[in-house]
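**Q** whatever this is, show me its structure:
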Amino acid sequence: QVQLVESGGGLVQAGGSLRLSCAASGRTASRYAIAWFRQAPGKEREFVAVISWSGVSKDYADSVKDRFTISRDNAKKTVYLQMNSLKPEDTAVYSCAANQRWGMKLNAQYDYWGQGTQVTVSS
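**A** Model (predicted):
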């Protein structure tokens, strides 16, 4: 079993940056692929980025490609989401999720979720 806790959200102006962290706990936490999803008010939760357990493979939603970078430090059991050039449309609750299989992009494919962290981008 894996427990996930996000941190790093906040209020930032358009064009600014934030780094989110997803701390995982559990004996096998470093063996899970970790993804970031986000949910804006009135919208469905959407895939943002995913990283394999080794950190070698990464994938991004088109809307964040070239602006967001996902990385992980398995010694710290932490996955990061560096968000640059933020836009008002990036405003959402960001959640991390864990799956033993790589490359999943649907909510229902993830077994474990954190509680989420709010990111608000002002114009």
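**Q** now the strands for the chain?
**A** Under the criterion DSSP state E, strands of the chain are mapped to 3-7, 10-13, 18-25, 33-39, 46-51, 58-60, 68-73, 78-83, 92-99, 112-113, 117-122.
**Q** tell me the contacts of G103?
**A** By Cβ atoms under 8 Å, 6 or more residues apart in numbering, the contact set of G103 is A33, V50, S57, D59. Yep, even glycine has a C-beta here, placed from its N, CA and C like the rest.
**Q** farthest pair in the residues you listed?
**A** Across those, the longest distance by Cβ to Cβ is 9.9 Å; it joins A33 and D59.
**Q** the two: which is more packed in?
**A** A33 (22 against 18; other Cβ atoms under 10 Å).
**Q** show the pLDDT at that one.
**A** Listed pLDDT for A33 reads 95.
**Q** got a list of what the nearest residue to it once chain neighbours are set aside touches?
**A** Closest residue to A33 apart from its sequence neighbours, by Cβ to Cβ, 6 or more residues apart in numbering: W102 at 4.7 Å. Counting by Cβ under 8 Å, 6+ apart, W102 makes contact with A33, V50, S52, W53, S57.
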